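[1] Provided below for reference: sequence and predicted model.
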Amino acid sequence: MSPAPGRTAVVAGATSAAGIALTRRLIGDGLTVVAVGSDSARLAAAFTGLDGVVRQECDLTDEVAVGGLADRVLADHGGADALFHLVGGWRGGRGITTQTTADYDVLHRSVFLTLFNTSRAFYDQLADGAGRLAAVTATAVAAPTAANASYAAVKASVDAWLQAVAQGFAKDGSEAAATAVVVKALVDDAMRQQQPERSFPGFTHVDDLARILASLPGAPAGEVNGARIDAVRA
């Protein structure tokens, strides 16, 4: 199945390499994309001149601002048919005692709080329209180490939240779906050019991630609601 034309996808974290790849893929599939970022200059640099992209600057850690964003999408586009959460970040240490409160707070706000706010604000739009919610989680959830304990804990929160949203959609009798895509880490062409000697074992290319995410609007809800899709490169 393929997504119907005239649909609108919200991409949170749109100016990341993954966000740019996904936005271009969705535009190619005929969707309108609301590209959300925290910096208007980066949004302009990434998407100026690209038809079908609506740029929206928003602090996704601000609940009120995210509510306003959802209201604008509803008013201007009739609601979101998909919400793709690509806001990320990484902080690590050398062991448990080197995990700092400051690092954990950065990860919590960037990785989880942004998903918490956006998924709640867009929940009704997605539920009413058989929409799709997807976010990226990590292999570190299943195999955490002392060095990446804070990161793994926050990504575990993402996993749990997506499962809870999936259960909410099913309980409400909606054809909407919430899906986690699991990666070890992401790589793009610029990273490969900067480190040509490195093989990036297990890393998922952002174009491959975009392909997986873009397939979700056309997939049956029963197949992807609550699913954890393994996107780790063999």
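    Arrived safely. Residues are numbered from 1 along each chain as shown.
[2] where in this protein is pLDDT low?
    By pLDDT under 70, the weakly predicted segments of the chain are 1-5, 234.
[3] which residues in it form strands?
    All strands of the chain, identified by DSSP state E, fall at 8-12, 32-37, 53-57, 82-85, 132-138, 177-183, 186-187, 204-205, 228-230.
[4] output these as TSV; include the columns distance to residue 196 and mean neighbour count.
    Where you see a C-beta, it was placed from the backbone N, CA and C, and this is true even at glycine. What follows is the strands of the chain, written out as TSV (distance: least, CB to CB, whole Å; neighbours: other CB atoms under 10 Å):
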stretch	distance to residue 196	mean neighbour count
strand 8-12	29	27
strand 32-37	29	25
strand 53-57	31	18
strand 82-85	30	28
strand 132-138	26	26
strand 177-183	22	25
strand 186-187	12	22
strand 204-205	15	22
strand 228-230	27	15
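[5] of those strands, which is nearest residue 170?
    Residue 170 lies closest, by CB to CB, to one member of those: strand 177-183, at 9.0 Å.
[6] tell me what that closest one is packed against?
    Contact analysis of strand 177-183 by 3 or more CB pairs under 8 Å, 6 or more residues apart in numbering; DSSP states H and E lists strand 132-138, helix 149-171, helix 206-215, helix 221-224, strand 228-230 as its packing neighbours.
[7] right, and these - which one's nearest residue 107?
    Of all the helices and strands packed on strand 177-183, helix 149-171 sits nearest to residue 107, with 4.5 Å by CB to CB.
[8] got the angle for that closest one vs strand 177-183?
    Between the axes of helix 149-171 and strand 177-183, defined by axes from the mean of the first three to the mean of the last three CA atoms, to 10 degrees, the angle is 150 degrees.
[9] now do the end-to-end distance for stretch 168-175.
    Terminal residues of stretch 168-175 are spaced 11 Å apart (CA to CA, to the nearest Å).
[10] and it, what's buried?
    Going by neighbour count (16 or more other CB atoms under 10 Å), the buried part of stretch 168-175 is 169-170, 174-175.
[11] same question, stretch 211-227
    By 16+ other CB under 10 Å, the buried positions in stretch 211-227 come out as 212-217, 219, 221, 224-227.
[12] mind checking how far it is from the chain centre?
    14 Å (CA atoms, centre = their mean, to the nearest Å).
[13] now stretch 170-189
    8 Å.
[14] the most centrally placed residue in the chain bridge partners, please.
    Centroid-nearest residue in the chain, with CA atoms, centre = their mean: residue 85, separated by 2.0 Å. Using DSSP bridges, the bridge partners assigned to residue 85 are residue 12, residue 135.
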